[in-house]
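> Mind looking at a prediction? Sequence and model below.
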Amino acid sequence: MVRNNVQNTGEPIKFAVFDCDGTLVDSQFVIAQTMNLMFADFGIPAMERQAIRRIIGLHLPEAIEVLVGEAPQGASFGDMAEAYKAHFFEIRQSGDFHEPIFDHVTDVLRQLSDAGVTIGMATGKSRRGAEYVLEKHGLRHLFASIKTSDDGPGKPHPQILVDAMTEMKAEPSRTVVIGDTSFDIELAKNAGAGAIGVKWGYHGADELEAAGADRLIGSFLEVPDALAEVWTT
């Protein structure tokens with residue numbers, strides 16, 4: 001059962017919306033592996049993980065376009081995205097799949113839920129991928145809202161966050177996005193929400209600050225206090 005912490009007290013809810021890749025789980029290695037398998041299918045040279053992780057969080061066809069510039073002759077970025085998805089599924093089914101959860105995520109999310117915070121996700125993953133992560137790590141019941149690449153334009157377009165706030169009856173001033181990339185911070189700002197940047201992910205602290213992060217944190221243990229600070233400003 002999904003726990004829904006939408007409060008019926010008449011007070012605006014506190015809505016904390018988490019990115020997934022690079023914020024909740026460390027997926028850079030499997031994403032880089034999959035991307036290079038797909039590149040090989042289309043005769044594209046392999047790329048370094050450091051380059052690939054820069055685009056994590058974008059819609060998959062857009063991410064591929066950023067990396068390669070032009071699609072190979074006779075193919076589209078959509079074709080390449082489908083090939084990527086097929087390889088990703090094969091890796092996950094093979095058992096050689098590593099997408100570990102970051103330290104303290106489980107305990108802190110439970111703490112927030114117990115405190116009455118409504119928890120959501122806004123991710124560039126597919127819905128199948130997001131659901132897999134949450135089920136695997138026993139977190140699905142904590143999330144009242146999940147918005148994915150299947151639900152609207154990719155980050156930093158604000159639509160998925162606006163839709164989540166509408167469905168949860170959350171005000172932008174009481175909504176905070178927690179993420180590791182400038183795409184997450186820009187998503188929040190484009191929707192009028194607060195933003196917390198995490199320093200253990202895939203974009204640098206300077207980029208998060210430049211994108212407009214209200215707070216930067218270096219450990220998931222800092223999430224509750226950072227949220228409280230943003231909600232009181």
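Yes, it's here.
> which helices and strands does the host helix or strand of E82 pack with?
Using DSSP states H and E, the element containing E82 is helix 77-94. If contacts are counted by 3 or more CB pairs under 8 Å, 6 or more residues apart in numbering; DSSP states H and E, helix 77-94 sits against helix 28-41, helix 60-68. Where you see a C-beta, it was placed from the backbone N, CA and C, and this is true even at glycine.
> Show the average pLDDT along the shortest one.
Read that as helix 60-68. The average pLDDT within helix 60-68 is 96.
> my guess is H98 meets F29, correct?
Yes: look at H98 against F29 with CB atoms under 8 Å: they come within range, at 6.2 Å.
> so what are the domain limits for this structure?
Under the assignment automatic domain parsing, the domains of the chain span 15-26+99-231, 28-94.
> Just put the ones you listed in a markdown table and tack on mean neighbour count.
Putting those into a markdown table (neighbours: other CB atoms under 10 Å) gives the following:
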| stretch | mean neighbour count |
| --- | --- |
| domain 15-26+99-231 | 20 |
| domain 28-94 | 17 |
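> list the contacts for I52?
Taking CB atoms under 8 Å, 6 or more residues apart in numbering, we find I52 in contact with 28, 31-32, 35-36, 67.
> Of those residues, just say which sits nearest to V133.
I31 (12.5 Å; CB to CB).
> Go ahead and confirm that closest one touches G22.
No: I31 is not in contact with G22 according to CB under 8 Å; the separation is 9.7 Å.
> any shared contact partners between these two?
Contacts common to I31 and G22, judged by CB under 8 Å, 6+ apart, are 53, 56.
> which ones are touching K85?
60, 126.
> so what's it scoring on pLDDT?
On the pLDDT scale, K85 gets 94.
> Extract the C-alpha trace of the helix or strand where S113 lies and format it as CSV.
Taking DSSP H and E as the definition, one finds S113 inside helix 105-114. Provided in CSV are the C-alpha atoms of helix 105-114 (Å, rounded to 0.1, in the frame of the first residue of the first chain):
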residue,chain,number,x,y,z
VAL,A,105,18.2,7.5,2.3
THR,A,106,15.9,4.9,3.7
ASP,A,107,16.0,6.2,7.3
VAL,A,108,15.6,9.8,6.4
LEU,A,109,12.7,9.2,4.0
ARG,A,110,10.9,7.3,6.8
GLN,A,111,11.6,10.1,9.2
LEU,A,112,10.1,12.6,6.8
SER,A,113,7.1,10.5,6.2
ASP,A,114,6.5,9.9,9.9
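> Since that was my last question, I'll sign off now.
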